[in-house]
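Participant: Pasting the sequence and the predicted coordinates here, then a few questions.
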Amino acid sequence: MPSDTLPRFAPPDAAATPIHILPQETFADWMGAQTERLQTWVESCGFRAGLGEILRVPGEDGELSAVLMGWGKPAAHARGRFAVARALNALKTGTYKLDGPLQGDDLSEAALGWLLGGYAFDRYATQSPPTAKLVAPEGIDASRVEAIAAGEILTRNLINTPASDMGPEALEQAVRDLGAVFGAQVKSTIGDDLLTANLPMIHAVGRAAEQAPRLLDITWGDTGPTLTLVGKGVCFDTGGLNLKPGASMGLMKKDMGGAATVLGLAHMIMALDLPLRLRVLIPAVENAVAGNAFRPGDILSSRKGLSVEVNNTDAEGRLVLADALALADETPPDLMICMATLTGAARVALGPDLAPFYTDDANVAASLAAAGTRVRDPLWRMPLHRPYDAMIEPKIADLDNAPSGGMAGSITAALFLDRFVTDTARFVHFDIYGWQPTAQPARPKGGVGVGARAILEALPEVLNL
Ligand code: BES
Ligand code: ZN
Ligand code: ZN
């Protein structure tokens, strides 16, 4: 599927080839109920129903009549997600329908895995992802799964596009395109206007880049509870004057992964027409090096009035987010969620799959974590350990953007952001990685959204929708 096509299920099709999903525990029983001819075929091919085993079954005339997919044991599923994409990869073309014991969340996961398994990023070179189609399984909400897949693909495309084509200007254009599809309002505050609008830290971080820094502000919906999403839109992070070494800079086109993820989530929310009022704020900047770059030791004043000593120009994400959060906080929403590729420490702690999040609200945390488990978008709550507040207080200014010592790097970044939000109980912050380092079923190497599907699933409970 080309990366700019919307993911879709095939329409109901009586001629679709069935894929029989076969758990290993019930495989012997299933075999017992088959014709002798089929039993012989299965045995002679050595098919054992291990997870991911695929066997094509020929019909009387040698045509493809069915596919068997081994579903293995629960322990095999514990090691990964979206196993059904393995069938898609093996089959490549054709139209299929799922048959077997999958239900509920497992069936939705399979359907989503199929749609996402067809994704490849082909903006710069032809790709040949599998094109096989799946008829929407009965019992799932097909248009919801399609909307979720489309949001996730938007996230991946935005992250995968390199900074040469995804600077602050292109990110603004992507936001405007999304707004146009769903009739959302889009406002931007650009360059020196950031100073007049009192968003000084967004200006300070982004002013050295050729493309002017900006704050993008999207609003959509006119009834229901209010939700504000804030996403880190650092289109490239050189580290600034505290320049990153080459190996650490290599992937920094993904430093707008928070923005990409909240935009993917916004796509899902708007496509599903959820009864809420949505606002998305994205500080879009490039953290570049030039004579007018902000410097180590500079003391910045922030929108909120707190002064910030810059002890490392590479801790830029919390600076641009602080101004955006302070602005968001002036019109307090029922729930505020921030997403950012904020610290290397978060990746060291939890790796690329598990999205670490912070909140003071235990109920919100429990809802999010449970939702993440249901929709296979696992999250892990991290502690806002207030005794570490001292680490972000440098004395010469109100706050230090980069405490020395390297202790609890993701926690101190979260505590820093918290200072810019008044009602921290309704605030959730995700410190995500935004990148799939090695290909997995339905997740090729490259940009990936984490957390958005879990949030979407939790919204009805958290916002009383
Ligand atoms: N964008 C990086 C964080 C990052 C690095 C995310 C690698 C994912 C993978 C962020 O701007 C940064 O450089 N943070 C510094 C903060 C430090 C200087 C206090 C970090 O984590 O090293
Ligand atoms: Zn940085
Ligand atoms: Zn960064």
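Facilitator: Yep, it's here. Numbering: from 1, shown residues only. Ligands and ions are numbered 1, 2, ... in the order given.

Participant: Can you name the residues of this protein that neighbour ligand 1?
Facilitator: Residues of the chain that fall close to ligand 1, judged by CB under 6 Å from any ligand atom: 237, 255, 312, 314-317, 341-345, 347, 402, 409, 433. Yep, even glycine has a C-beta here, placed from its N, CA and C like the rest.

Participant: switch the cut-off to 5 Å
Facilitator: Within the chain, the positions lying close to ligand 1 (CB under 5 Å from any ligand atom) are 237, 255, 312, 314-315, 317, 341, 343-344, 402.

Participant: Quick one: end-to-end distance for stretch 387-402.
Facilitator: One end of stretch 387-402 to the other measures 17 Å (CA to CA, to the nearest Å).

Participant: I'd like the mean pLDDT over it, please.
Facilitator: Taken as a whole, stretch 387-402 has an average pLDDT of 97.

Participant: what residues does that stretch touch?
Facilitator: Residues external to stretch 387-402 that are found in contact with it (CB atoms under 8 Å, 6 or more residues apart in numbering): 299, 306-312, 314-315, 318-319, 403, 405, 407-408, 411-412, 415-416, 419.

Participant: let's see 7 Å
Facilitator: Counting contacts by CB atoms under 7 Å, 6 or more residues apart in numbering, the residues outside stretch 387-402 that touch it are 299, 306-312, 315, 318-319, 403, 407-408, 411-412, 415-416, 419.

Participant: Dump the residues of the chain next to ligand 1 to JSON lines, plus neighbour count and secondary structure.
Facilitator: Output for the residues of the chain next to ligand 1, formatted as JSON lines (neighbours: other CB atoms under 10 Å; DSSP: H, G, I helix; E, B strand; the rest coil):
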{"residue": "Asp237", "neighbour count": "27", "secondary structure": "strand"}
{"residue": "Asp255", "neighbour count": "27", "secondary structure": "helix"}
{"residue": "Asn312", "neighbour count": "16", "secondary structure": "coil"}
{"residue": "Asp314", "neighbour count": "23", "secondary structure": "coil"}
{"residue": "Ala315", "neighbour count": "25", "secondary structure": "coil"}
{"residue": "Gly317", "neighbour count": "27", "secondary structure": "helix"}
{"residue": "Thr341", "neighbour count": "29", "secondary structure": "coil"}
{"residue": "Thr343", "neighbour count": "22", "secondary structure": "coil"}
{"residue": "Gly344", "neighbour count": "16", "secondary structure": "helix"}
{"residue": "Ala402", "neighbour count": "22", "secondary structure": "coil"}
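
Participant: re the thing from before, mark which of the contacts of stretch 387-402 are buried, thanks.
Facilitator: Buried positions within the contacts of stretch 387-402, assessed by neighbour count (16 or more other CB atoms under 10 Å), are 306, 308-312, 315, 318-319, 403, 408, 411-412, 415-416, 419.

Participant: correct me, but Ala204 touches Arg295?
Facilitator: No. When contacts are counted by CB atoms under 7 Å, Ala204 is not listed as touching Arg295 (9.8 Å).

Participant: Who has more neighbours out of those two?
Facilitator: A count of neighbours by other CB atoms under 10 Å puts Ala204 above the other of Ala204 and Arg295, at 28 against 12.

Participant: same for the host helix or strand of that one, what does it pack against?
Facilitator: Counting by DSSP states H and E, the secondary-structure element that holds Ala204 is helix 200-206. The helices and strands touching helix 200-206, judged by 3 or more CB pairs under 7 Å, 6 or more residues apart in numbering; DSSP states H and E, are helix 193-196, strand 277-287, strand 299-301, helix 317-329.

Participant: then it to PDB, C-alphas only?
Facilitator: In PDB, the C-alpha atoms belonging to helix 200-206 read as follows (Å, rounded to 0.1, in the frame of the first residue of the first chain):
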ATOM      1  CA  PRO A 200       9.900  33.300  24.300                       C
ATOM      2  CA  MET A 201      11.400  29.900  24.800                       C
ATOM      3  CA  ILE A 202      10.000  28.500  21.500                       C
ATOM      4  CA  HIS A 203      11.700  31.500  19.800                       C
ATOM      5  CA  ALA A 204      15.000  31.000  21.700                       C
ATOM      6  CA  VAL A 205      15.300  27.400  20.700                       C
ATOM      7  CA  GLY A 206      14.200  27.800  17.100                       C
END
